[in-house]
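[1] Sequence unavailable; structure follows:
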Ligand SMILES: [Zn+2]
């Protein structure tokens, strides 16, 4: 019984790993924040160079299939399938290249407020008017360095910028607190500071 359970478990894990590693991004790639493209199925995210490599992978598979010895009807089907995959991936890439990208918005001002009750930082981000669509306007994060640093890997460059400013403010406040000094509860960062 124990053996059976272990076998099932490892099989499922292997299957899951296969699904993740071999995802064909069959539903295409979506534009996500920054200059990244994301597969809605496996969540893999890549830049345009990564998309180019993904196309090249398909071209290589197709070329390898063509270089194989003259095949039977089955080989023909496989080659056609691989060629179709090359076309599909190229189409995905061309579409992504042709979508006019929203110029990444630069905030004009960032207000960071420490919430002592919630032990967190709340951020409000201000942009020059007219405010670009779809930009992040608020971020809140626990007042712990680890949590703040996690934001550094956010796909949105504005959130990454904000993580730097929160970190700066957090370190500044922590130092004052260590020295027994009262720490300010809010800080405004202007565009010339980031
Ligand atoms: Zn995928």
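    Arrived safely. The shown structure was predicted, so the numbers you read here are calculated from the model rather than taken from an experiment.

[2] Tell me where this protein is predicted with low confidence.
    Counting by pLDDT under 70, the chain has low-confidence residues at 1-21, 33-34, 69-72, 99-104.

[3] For it, which residues are neighbours of the ion?
    Those residues of the chain that sit near the ion, judged by Cβ under 5 Å from the ion, are 23, 25, 39, 41, 42. C-beta coordinates here come from the backbone N, C-alpha and C atoms, glycine included.

[4] Out of those, which comes closest to residue 188?
    Nearest to residue 188 among these, counting by Cβ to Cβ, is residue 39 at 38.8 Å.

[5] What separation do you get for the closest one and residue 53?
    14 Å (Cβ to Cβ, to the nearest Å).

[6] Looking at the two, which is more packed in?
    residue 39 (19 against 11; other Cβ atoms under 10 Å).

[7] Compute the first-to-last residue distance for stretch 60-74.
    Start-to-end span of stretch 60-74 (Cα to Cα, to the nearest Å) is 19 Å.

[8] for the residue most central in space within the chain, phi and psi?
    The chain has residue 155 as the residue nearest its centroid, 4.2 Å off, counting by Cα atoms, centre = their mean. Dihedral angles of residue 155 (phi, psi; degrees, to the nearest 10) stand at phi -60, psi -20.

[9] State the distance from residue 147 to the ion.
    Relative to the ion, residue 147 is positioned 28 Å away (criterion: Cβ to the ion, to the nearest Å).

[10] for residue 175, same thing?
    Residue 175 sits 45 Å away from the ion, taking Cβ to the ion as the criterion.

[11] Same check on residue 167?
    Counting by Cβ to the ion - residue 167 and the ion are separated by 32 Å.

[12] Now the residue nearest to that residue when sequence neighbours are not counted: which helix or strand?
    Spatially, and ignoring its direct neighbours in sequence, residue 167 is nearest to residue 148 (5.1 Å; Cβ to Cβ, 6 or more residues apart in numbering). In the assignment (DSSP states H and E), residue 148 maps to helix 145-150.
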